[in-house]
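**Student:** predicted model and sequence below, questions to follow.
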Amino acid sequence: MDFLAETVIFLAAAVVAVPLSRRLSLGAILGYLAAGVIMGPYALGLIRDAEEVLHFAEFGVVLLLFIIGLELQPSRLWVTRNAVFGLGGAQVVVTATVIGGVAYVAGAEFGPAVVIGLGLALSSTAFVLQLLAEKGQLPTHHGRAAFAILLFQDVAVIPILAVIPILGVQNAASAGTPVWLAIAQVAVVLT
């Protein structure tokens, strides 16, 4: 299918799905997701190759993050620093520990269990902030708390990505790199 036809399909689906989703009080994001599922290869089959249209999805996420960045004010960030690092840090640590612990008990090795816990402790800032904004809940107490948690998660992604290679200690040890050196390298990169 050519680019123009795909674009028309995406726009038509958005024009139908988003107002319907809003009428049902579900929000625009869920409308977009439902439209994607319906158009996809496992429902109507209007879009058969998901890899071919991946650029549309990536562009949409970039636009959502750009809008969020425009709304972020440094003064607001400074005021919420205790909530960002306190509440946000607690959410990531507790959620990662619980999910990683469940994965470990279920039979995963330690390294993969930690990666599973850390990965599932994170959520999508673009989607959650959009939903809160649509419902007018960003200025509320729970909206500010959610914003703080999401902001910490965004910052925490960088150290999490840096720590993941350390969890492959067997690979590092077999390559002749001591674990302490791998940790030092991550600390230098983060600094």
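**Tutor:** Good, I have the coordinates. Note that the coordinates shown come from a computational prediction; the quantities given were computed from them, not determined experimentally.

**Student:** where are the low-confidence patches of this protein?
**Tutor:** 1, 64-65, 67-73, 168-180, 182-183, 186, 189-191 (pLDDT under 70).

**Student:** chain center to the longest helix anywhere in it: distance?
**Tutor:** The residue-count maximum for a helix in the chain (DSSP state H) belongs to helix 141-167. From the chain centre to the centre of helix 141-167 is a distance of 9 Å (C-alpha atoms, centre = their mean, to the nearest Å).

**Student:** helices or strands next to it in the packing?
**Tutor:** Contacts defined by 3 or more C-beta pairs under 8 Å, 6 or more residues apart in numbering; DSSP states H and E place helix 141-167 against helix 81-105, helix 110-120, helix 125-134, helix 179-190. Just so you know, the C-beta spots here come from the backbone N, C-alpha and C atoms, and that holds for glycine as well.

**Student:** now the angle from it to helix 125-134?
**Tutor:** The directions of helix 141-167 and helix 125-134 differ by 180 degrees, with axes from the mean of the first three to the mean of the last three C-alpha atoms, to 10 degrees as the criterion.

**Student:** so which bits of stretch 4-13 are buried?
**Tutor:** 6, 9-10, 13 (16 or more other C-beta atoms under 10 Å).

**Student:** kindly report the same for stretch 16-27.
**Tutor:** Neighbour-count burial for stretch 16-27, with 16+ other C-beta under 10 Å as criterion, is recorded at 17-18, 21, 26-27.
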